[in-house]
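Q: got a sequence here, can you build the structure:
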Amino acid sequence: MFTRFQHFIESLQEADEARKKRWVIGASAVAMLIIILLWLMYLSLTLPVVDTGTTAEATSTDSVALEEAPPAPSSIFDTFGRGISIVVQNAEAGLAAFAGRMADNVHAITKRMNRSNVIEVKGE
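A: Residues are numbered from 1 along each chain as shown. From the prediction side, this is the model:
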């Protein structure tokens, strides 16, 4: 078994560049998929299960509490999407604050540049 693998590696080393590139791309794709699947399995095991209260036994106080609470994400992709939207909102707020500070700075510089000094020379 090990000698077959060693022979395969040796033949791959002696192969042309196109074949080597195909194997690198394929192996990278497989490794990436394995890592993503392991990450998703880890998240599904560690994230708590949220009860959405869709059972018939929900009381009126439960329904009021559910109406006030934000909807629970149904998958990891929903959570990822909500996170992206929060990041975008924070970036927009940060850029707006930065633009406001820059406008204030430009106004202050313009005010200083337009200021004129008056020098009076009094003779005796």
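
Q: what comes into contact with the host helix or strand of Phe8?
A: In the assignment (DSSP states H and E), Phe8 maps to helix 2-13. For helix 2-13, the external contacting residues (Cβ atoms under 8 Å, 6 or more residues apart in numbering) are Arg19, Lys20, Trp23. Bear in mind the C-beta positions are built from the backbone N, C-alpha and C, glycine included.

Q: leaving out chain neighbours, which residue sits closest to the last one?
A: Just to be clear, that refers to Trp23. Leaving aside its chain neighbours, Trp23 sits nearest to Leu12 (6.3 Å; criterion: Cβ to Cβ, 6 or more residues apart in numbering).

Q: tell me how far the one you found lies from Gly26.
A: 12 Å (Cβ to Cβ, to the nearest Å).

Q: Thr79 now?
A: For Thr79, the distance to Gly26 equals 30 Å [Cβ to Cβ].

Q: look at those two and report which has more neighbours.
A: Thr79 (14 against 10; other Cβ atoms under 10 Å).

Q: helix/strand/coil for Lys111?
A: Classification of Lys111 using DSSP: H, G, I helix; E, B strand; the rest coil returns helix.
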